[in-house]
Each structure stands twice: as C-alpha cells, then as structure tokens.
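Undergrad: structure for the following, please:
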Amino acid sequence: MFREIKSVKDVVERLLFEQPATRDNDRLLMFKVWAEQNPSLRNPFYRLFKFADDFIKGRYYDPESIRRSRQKAQEKYPELRGEKYWERHKEEVVVRENVKFL
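TA: Numbers count the residues shown, from 1 in each chain. Predicted coordinates for the structure are as follows:
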C-alpha cells in the first residue's frame, strides 16, 4: 500500500518543478507528497478514517518536513517560488516607505 520514498526533499523538488500550483499552497503540496506515498489517496472512496489512522501512526511524512523541504528548494531554485512570493516583494518598497512614517 505505502510506497517507500527515498527522500521527501527529492519528491518536493520534483512536484514544485512539475506542478506550479504547489508553489503557493503547502496543503496541496502535502497532499501530493502523501499521495506519492499512498496512491490510494487519489481514490475518491478512500476513507478519511483510514487516512487519519495512518497519519496519526506516522506513516506519512511530517507536514513540517514537507514545508521545510519546500522552503529549501525555493531558496536553492528561485524559479520555484510562487506568485505570492513575487507579489510580496513588489510591495516591499511601499511597506518600507510606510514604516518610515511610524
């Protein structure tokens, strides 16, 4: 049932390259990583209780590990940064100017 994945880092990087929607959405990225581990999650009839039980037992990668892997990948490969990142940095000048007046 569960596939052995060598490295969460490798899976996260691949997903970020192949599926741009995962760059701005950690929840989507987590689900896709977990679906790599357990392809049954893609089945609409897979029971939530079964997922919850497996998650609690630690059979899936830790959400924080996935998030940290995404963060490191985006640091290493700036082209993997999502649209939200670039929007925030466009606003940086405005925010700095507003902070000066405080």
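
Undergrad: which positions within the helix or strand harbouring residue 71 qualify as buried?
TA: Assigned by DSSP states H and E, residue 71 belongs to helix 63-76. Of all the residues in helix 63-76, those buried under the rule 16 or more other C-beta atoms under 10 Å are 66, 69, 70, 73, 74. C-beta coordinates here come from the backbone N, C-alpha and C atoms, glycine included.

Undergrad: which helices and strands does that helix pack with?
TA: In this structure, helix 63-76 packs against helix 8-18, helix 26-37, with contacts taken as 3 or more C-beta pairs under 8 Å, 6 or more residues apart in numbering; DSSP states H and E.

Undergrad: to the chain's geometric centre, what's the distance from stretch 49-63?
TA: Relative to the centre of its chain, stretch 49-63 is centred 16 Å away, using C-alpha atoms, centre = their mean, to the nearest Å.

Undergrad: which residues does the helix or strand that the helix holding residue 71 is followed by contact?
TA: As assigned by DSSP H and E, the chain's next helix or strand after helix 63-76 is helix 83-90. Residues from elsewhere that reach helix 83-90 (C-beta atoms under 8 Å, 6 or more residues apart in numbering): 23, 24, 74.

Undergrad: how near is the last one to residue 94?
TA: If I follow you right, that is residue 74. 23 Å (C-beta to C-beta, to the nearest Å).

Undergrad: so where's this protein uncertain?
TA: Along the chain, the model assigns pLDDT under 70 to residues 1-5, 86, 90, 101-102.

Undergrad: okay, the contacts of helix 83-90 in JSON lines with distance to residue 100 next?
TA: Shown next, in JSON lines, are the contacts of helix 83-90 (distance: C-beta to C-beta, whole Å):
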{"residue": "23", "distance to residue 100": "32"}
{"residue": "24", "distance to residue 100": "30"}
{"residue": "74", "distance to residue 100": "29"}
